[in-house]
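J.: need coordinates for the below:
(one chain, ligands or ions: 2)
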Amino acid sequence: MAKRVLGIIGGSGVYDIDGLEWAEWQRVVTPFGAPSDELLFGRYAGVDMVFLPRHGRGHVQTPSTINYRANIDAMKRAGVTDIISISACGSLKEELPPGTFVIVDQFIDRTFLRQNTFFGPGLVAHVPMAHPVCPALATALEEAATAENIRHARGGTYICIEGPQFSTLAESRLYRQWGCSVIGMTAATEAKLAREAEIPYALVAMVTDYDCWHPDHEHVTVDAVIKVLHENAANARKIVTAVAERLGPERKPSPLGVETVLDVAIMTAPDKRDPNLVAKLDAVAGRVLKK
Ligand SMILES: CSC[C@H]1O[C@H](OP(=O)(O)O)[C@H](O)[C@@H]1O
Ligand SMILES: Nc1ncnc2[nH]cnc12
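T.: Ligands and ions are numbered 1, 2, ... in the order given. Got it, this is the predicted structure:
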């Protein structure tokens, strides 16, 4: 079996993970510019781990200014084989109160101000996104949450807004009508880029608020989000370590075939490919471009 390198992307309130052996922050250079921060390399329960705080330590980047391409490229360059992402989110359903960890399985992407693909003119590719989340990683998260007694839900749709402002009441009500479960500003972009980089991805969305639709709850504010994030910090740590223990150091391919998705995704004829873009994609798509 192949060796696993587990990538963890931390969201709002999660800027570090403790308990790693040989933990060391290291800069990773990418052709897409600088990632949000250095990457933390280490090992837990025999599993090689690579952690990256999505907004940078100290929360420097907005959801729109995060260099998602550099973040995913850096993870690929670091040898990451699977990504577990952690995000703070608002709840769009009564039955998902603050404190619930939602292991989402779908995304609706309403973002419009960010780079959401590694490909472009001279190298066109279309990867499938019908099932954006790896079910094997999601099952490991579900088992970890159950073992750690963390209130959680398996499945649900995460709507990703551009932000940085929270939603209007009309928007929040619309997203509820669409059947969305939770709302955030980051994860859909990451899920798309992880798929292009052939890295299986799963998200645990930690509910911090009821956005602004709920008649009996205060409308979301950063203060309220931070308060719940502090209350959830111990559970966030627990789910990361428990999922690493469950997944272990060896991996089987994703049931979705994510690791070979580029085999049938690239449209551009070999003689029409832009050599600069091909060179830039050495990590993300080198497997298929070096042939
Ligand atoms: C602090 S509230 C809004 C902020 O929180 C979420 O961040 P992340 O997904 O990185 O955990 C949300 O997406 C916004 O970026
Ligand atoms: N209500 C909300 N909307 C968007 N992003 C969020 N992150 C945490 N709560 C959120």
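J.: do you have the helices of the stretch 1-150 of the chain handy? List them.
T.: 68-77, 135-147 (DSSP state H, counting those that start in this stretch).
J.: would TSV of the ones you listed with distance to ligand 1, mean pLDDT and mean neighbour count be doable?
T.: The C-beta positions use only the backbone N, C-alpha and C, and glycine is treated the same way. Listed next are the helices of the stretch 1-150 of the chain as TSV, based on distance: least, C-beta to the nearest ligand atom, whole Å; pLDDT from 0 to 100; neighbours: other C-beta atoms under 10 Å:
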stretch	distance to ligand 1	mean pLDDT	mean neighbour count
helix 68-77	11	98	26
helix 135-147	16	98	20
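J.: between these, which gets nearest to residue 127?
T.: Distance to residue 127, taken as C-beta to C-beta, is lowest for helix 68-77 among the helices of the stretch 1-150 of the chain, at 12.8 Å.
J.: distance from the chain centre to the closest one, please.
T.: Relative to its parent chain, helix 68-77 has a centroid offset of 11 Å by C-alpha atoms, centre = their mean, to the nearest Å.
J.: contacting residues around it?
T.: Residues outside helix 68-77 that contact it (C-beta atoms under 8 Å, 6 or more residues apart in numbering): 7, 9, 28, 30-36, 39, 50, 52, 54, 83, 114-116, 118, 189-190, 193-194, 196-197, 199, 283-284.
J.: and these, which of them are buried?
T.: 7, 9, 28, 30-32, 35-36, 39, 50, 52, 54, 83, 116, 118, 189-190, 193-194, 196-197, 199, 283-284 (16 or more other C-beta atoms under 10 Å).
J.: now, those residues that are in strands?
T.: Among the buried ones among the contacts of helix 68-77, DSSP state E puts 7, 9, 39, 50, 52, 83 in strands.
J.: just these that are near ligand 2?
T.: Taking C-beta under 6 Å from any ligand atom as the test, ligand 2 is in contact with none of those.
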